[in-house]
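**Student:** Need a 3D model of the following:
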Amino acid sequence: MPDDALPTLTARLADRARQRRTARHAAGAAQSWSGWWEQAAEDPALGPLVEKRRQIYPTGHSPEWNPPADWHLTALRAAGFTEVGVLWRNGADAAVAALA
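**Tutor:** I've put the predicted structure just below:
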């Protein structure tokens with residue numbers, strides 16, 4: 001999730017993260033995105049949830065659409081959550097949390 005307040009820095013951080021991820025994949029030190037989902041699909045507890053995700057997103061994750069954290073926070077508030085925020089951020093990556 002990019003940070004709208006830091007567009008240049010976020011783009012640089014995302015590019016650097018992409019370079020590091022590519023190097024880790026090439027070295028076999030990290031699993032690819034698609035490989036992770038394939039492994040999750042084989043897990044007895046996660047498999048049904050992966051199938052549900054496939055039904056909702058039949059074409060998978062779209063790297064062209066990557067809304068910023070603020071977009072997610074606004075959507076959560078609009079959905080009725082009363083407490084929302086960025087729980088964790090590492091460069092261009094972020095996790096948001098919400099309570100009803």
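**Student:** Okay, helices next: where are they in this structure?
**Tutor:** Secondary structure of the chain by DSSP state H: the helices cover 7-27, 33-42, 47-56, 69-78.
**Student:** Just name the most buried of the ones you listed.
**Tutor:** Burial among the helices of the chain, expressed as mean neighbours by mean count of other CB atoms under 10 Å, is greatest for helix 69-78, which shows a mean of 15. For every residue, glycine as well, the C-beta is placed using N, CA and C.
**Student:** Name the residues that touch the helix or strand of the chain with the lowest mean pLDDT?
**Tutor:** Across the helices and strands of the chain, the lowest-confidence element by mean pLDDT, DSSP states H and E is helix 7-27, at a mean of 88. Helix 7-27 has contacts (CB atoms under 8 Å, 6 or more residues apart in numbering) with 2-3, 30-32, 91-93.
**Student:** CA atoms only: put that helix into PDB for me.
**Tutor:** Extracted C-alpha coordinates of helix 7-27, given in PDB (Å, rounded to 0.1, in the frame of the first residue of the first chain):
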ATOM      1  CA  PRO A   7       5.000   9.300  -3.600                       C
ATOM      2  CA  THR A   8       8.600   9.500  -4.600                       C
ATOM      3  CA  LEU A   9      10.000   7.700  -1.600                       C
ATOM      4  CA  THR A  10       7.300   5.100  -1.800                       C
ATOM      5  CA  ALA A  11       8.100   4.400  -5.500                       C
ATOM      6  CA  ARG A  12      11.800   4.100  -4.700                       C
ATOM      7  CA  LEU A  13      11.100   1.800  -1.800                       C
ATOM      8  CA  ALA A  14       8.800  -0.400  -3.900                       C
ATOM      9  CA  ASP A  15      11.400  -0.600  -6.700                       C
ATOM     10  CA  ARG A  16      14.100  -1.600  -4.200                       C
ATOM     11  CA  ALA A  17      11.800  -4.200  -2.600                       C
ATOM     12  CA  ARG A  18      11.000  -5.600  -6.100                       C
ATOM     13  CA  GLN A  19      14.800  -5.900  -6.800                       C
ATOM     14  CA  ARG A  20      15.400  -7.700  -3.500                       C
ATOM     15  CA  ARG A  21      12.400 -10.000  -3.900                       C
ATOM     16  CA  THR A  22      13.600 -10.900  -7.400                       C
ATOM     17  CA  ALA A  23      17.100 -11.700  -6.100                       C
ATOM     18  CA  ARG A  24      15.700 -13.900  -3.300                       C
ATOM     19  CA  HIS A  25      13.400 -15.800  -5.700                       C
ATOM     20  CA  ALA A  26      16.400 -16.400  -8.100                       C
ATOM     21  CA  ALA A  27      18.500 -17.700  -5.200                       C
END
